[in-house]
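1. predicted model and sequence follow; I will ask about them next.
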Amino acid sequence: MRRILGGLAVAGVLLAATACQDDSVKTAPASKAPAASEAGTTKASPSAAKKAGLGDTITVTGNEDGQKLDVTVTKWADPAKSSEEVFVPEAGKRWVAAQVQLVNTGSAVYSDSPSNGMQVADEQGQRFGTMAVDVTAGPSMASALKVAPGDKALGWIVFEVPKDSKITTIQFAMNSGFADQTAQWAIK
């Protein structure tokens, strides 16, 4: 009897610990309300959710109460070209860029530098940070951003990567990358 009770106690602790954990990487796009014509359809199970890609929106939360963003990687430029001829990538490297839209769906002002919380990864798992450079693809994302609840921001974020790297994912986390939740998009 003692062995059974001990086993149940261990199972209970494991179940409680699992229930308190949050997925650190969100790859499925945020669900959207069904259109009127979809009212009779059923949703796919969460395990059947596709990986997020360009154009998909992922909802992330920050470490403080009221911090919540809908984040969409809207476009991808590979390679990205500088808007000023004097700036070029280091030897053996190239620039790539993502156009990102942030919509503040929380109750607190989003005040951060989005590029601090972004990185790209290649097919080998190598990760690369951002560069402060303007590209011909369009206007850069502001580095010191303040977005009130209900407002949005749109801009390009640039990364410097090795010339022969095949970039496969983009990641974003709030709070300059220190938030517990991370959003991830596949690049094809």
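-> That came through fine.
2. so where do the strands sit in this structure?
-> Using DSSP state E, the strands of the chain run over 25-26, 57-61, 68-77, 93-104, 110-112, 118-122, 127-128, 130-131, 145-147, 152-162, 167-172, 182-186.
3. and Ala30, what's its pLDDT?
-> pLDDT, Ala30: 56.
4. low-confidence stretches in this protein?
-> The model of the chain has pLDDT under 70 over residues 1-50.
5. go with 80
-> Residues of the chain meeting the criterion pLDDT under 80: 1-51.
6. same list, the strands of the chain, but as TSV with mean neighbour count and distance to Gly138 please.
-> Any C-beta I mention is one placed from the backbone N, CA and C, and that applies to glycine too. Output for these, formatted as TSV (neighbours: other C-beta atoms under 10 Å; distance: least, C-beta to C-beta, whole Å):
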stretch	mean neighbour count	distance to Gly138
strand 25-26	16	26
strand 57-61	20	19
strand 68-77	20	8
strand 93-104	22	6
strand 110-112	19	21
strand 118-122	21	16
strand 127-128	15	21
strand 130-131	21	15
strand 145-147	16	16
strand 152-162	20	5
strand 167-172	20	16
strand 182-186	21	18
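7. okay, the ones you listed in CSV with distance to Val86 next?
-> Converted to CSV, the strands of the chain look like this (distance: least, C-beta to C-beta, whole Å):
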stretch, distance to Val86
strand 25-26, 38
strand 57-61, 36
strand 68-77, 19
strand 93-104, 14
strand 110-112, 29
strand 118-122, 24
strand 127-128, 22
strand 130-131, 14
strand 145-147, 26
strand 152-162, 15
strand 167-172, 25
strand 182-186, 31
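8. quick check, Pro162 in contact with Trp95.
-> No. Using C-beta atoms under 8 Å, Pro162 is not in contact with Trp95, being 11.4 Å away.
9. next up, the contacts around the residue lying closest to Asp122 once chain neighbours are set aside.
-> The shortest distance from Asp122 to any non-neighbouring residue, by C-beta to C-beta, 6 or more residues apart in numbering, is to Ser165 (4.0 Å). Residues near Ser165 by C-beta atoms under 8 Å, 6 or more residues apart in numbering: 122-124, 126, 128.
10. looking at those residues, which one is closest to Val100?
-> Ranked by distance to Val100 (C-beta to C-beta), the contacts of Ser165 are led by Phe128 at 15.8 Å.
11. just to revisit the earlier point, next up, phi/psi of the residue nearest to Asp122, please.
-> phi -70, psi 140 (degrees, to the nearest 10).
12. biggest separation within the contacts of Ser165, which pair?
-> Maximum pairwise distance among those (C-beta to C-beta): 12.7 Å, between Glu123 and Phe128.
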